[in-house]
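[1] here is a sequence together with a model predicted from it:
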Amino acid sequence: MRILLFGKNGQLGWELQRSLAPLGELVALGRGDKPCADFTRPSDVAATVRALAPDVIVNAAAYTAVDKAESDSHTAMTVNAVTPGMLAEAARGLGAWLVHYSTDYVFDGEGVTPWREDDPVAPLNEYGRSKLAGEENIRSSGCRHLIFRTSWVYAARGGNFAKTMLRLAQERDALQVINDQHGAPTGADLLADITAHALRSALQDPSLAGIYHAAPHGETTWHGYASHVIAQARAAGLPIKVAQDAIEAVPTSAFPTPARRPANSRLNTRKLRRAFGLHLPDWQLGVDRMLAETLHP
């Protein structure tokens with residue numbers, strides 16, 4: 001089996017190179033590689049797929065600059081919707097599977113109930129609209145697919161919210177962190193492992209095709225996330241300057257941004273767990289593992 005991975009250099013793509021390797025021959029491409037893997041060039045990416053003729057396409061490439069997408073919606077739509085749609089058409093022509101990643105940003109963020117896969121969608125910003133359009137293009141293509149919606153993705157490799165908080169906690173006496181957005185920090189390593197497990201099952205049982213919500217167990221806020229990270233770093237002996245009670249909880253309105261963020265990013269993962277027999281660990285376990293790699297490389 002040949003697996004073609006796009007977005008190899010991103011946080012998720014890096015972990016997917018590890019998790020997918022045991023499943024078959026893995027061809028991993030990044031934006032600057034040849035054949036073309038530049039998602040701003042949809043026709044060329046589709047040509048790459050047809051030339052390599054994989055059995056499985058895994059798309060970890062995406063436009064993720066949420067605020068920039070407000071003024072650059074054309075590029076966001078090309079990368080997140082047009083090119084994935086052309087991938088899906090190419091996959092259908094080859095009889096290949098397509099694995100794709102989406103986001104809780106397809107919802108409006110209202111309420112407190114974790115979102116189910118069949119809940120009404122109503123994105124708040126251009127990024128969310130582009131990701132929703134990508135989902136719709138894939139579904140309408142008729143190709144066999146797995147789409148994983150996830151939230152608050154992080155990894156030990158590259159920048160992330162936790163690393164930013166650690167840096168600021170060593171520089172400042174006080175911090176302000178948003179406390180009215182709710183979700184679950186999702187490790188790229190967990191998402192990559194879920195992908196490999198689900199793909200292996202779907203290849204044996206095509207009825208498992210469809211859309212799934214993938215995130216760890218539990219929920220927090222950005223303030224809760226930051227507080228946990230800083231407490232763990234302090235316990236590990238990092239020179240933390242900010243006191244734990246000096247991490248102030250503030251509303252989203254304290255940090256105006258071009259793009260509106262959803263207040264409710266909770267995802268109901270029951271469908272994923274039942275379909276693939278998975279136990280999803282508490283979000284703290286993945287964060288603690290990432291911190292262990294970051295603090296003691």
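    Cool, got the structure. Numbers count the residues shown, from 1 in each chain.

[2] every contact and neighbour count from this point should use C-alpha atoms.
    Fine.

[3] where along this protein do the strands fall?
    Under the criterion DSSP state E, the chain carries strands at the ranges 2-6, 25-29, 56-59, 97-103, 144-150, 153-154, 175-178, 182-183, 186-187, 210-213, 220-221, 247-250.

[4] as TSV, those strands with mean neighbour count would be great.
    Formatted as TSV, the entries for the strands of the chain read as follows, by neighbours: other CA atoms under 10 Å:
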stretch	mean neighbour count
strand 2-6	22
strand 25-29	18
strand 56-59	24
strand 97-103	24
strand 144-150	24
strand 153-154	20
strand 175-178	19
strand 182-183	24
strand 186-187	25
strand 210-213	22
strand 220-221	20
strand 247-250	16
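
[5] quick one: closest of those to Lys68.
    strand 97-103 (16.8 Å; CA to CA).

[6] doesn't Lys131 make contact with Ile81?
    Let me fix one detail, which is that residue 81 is Ala and not Ile. Yes. Proximity of Ala81 to Lys131 meets the contact threshold set by CA atoms under 8 Å, at 6.3 Å.

[7] okay, the strands of the chain in TSV with mean pLDDT and distance to Ala235 next?
    As requested, those are exported to TSV (pLDDT from 0 to 100; distance: least, CA to CA, whole Å):
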stretch	mean pLDDT	distance to Ala235
strand 2-6	97	38
strand 25-29	96	38
strand 56-59	98	38
strand 97-103	98	33
strand 144-150	98	30
strand 153-154	94	21
strand 175-178	95	19
strand 182-183	98	25
strand 186-187	96	22
strand 210-213	98	33
strand 220-221	98	20
strand 247-250	96	16
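
[8] which one, of these, ends up nearest to Asn264?
    Nearest to Asn264, of all those, is strand 182-183, at 5.2 Å by CA to CA.

[9] which other helices and strands contact that closest one?
    With contacts defined as 3 or more CA pairs under 8 Å, 6 or more residues apart in numbering; DSSP states H and E, the packing partners of strand 182-183 are strand 220-221.

[10] residue ranges with poor pLDDT in the stretch 151-297 of the chain?
    For the stretch 151-297 of the chain, the stretches with pLDDT under 70 are 297.

[11] so which residues of it form helices?
    Secondary structure of the stretch 151-297 of the chain (DSSP state H, counting those that start in this stretch): helices located at 161-171, 188-204, 222-235, 270-276, 283-295.

[12] as TSV, these with distance to Glu248 would be great.
    Formatted as TSV, the entries for the helices of the stretch 151-297 of the chain read as follows, by distance: least, CA to CA, whole Å:
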stretch	distance to Glu248
helix 161-171	12
helix 188-204	28
helix 222-235	8
helix 270-276	34
helix 283-295	21
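
[13] distance check, the residue lying farthest from the centre of the chain against Lys68.
    Going by CA atoms, centre = their mean, the residue of the chain most distant from its centre is Asp173, 32.0 Å out. Here Asp173 is placed at a distance of 30 Å from Lys68 (CA to CA, to the nearest Å).
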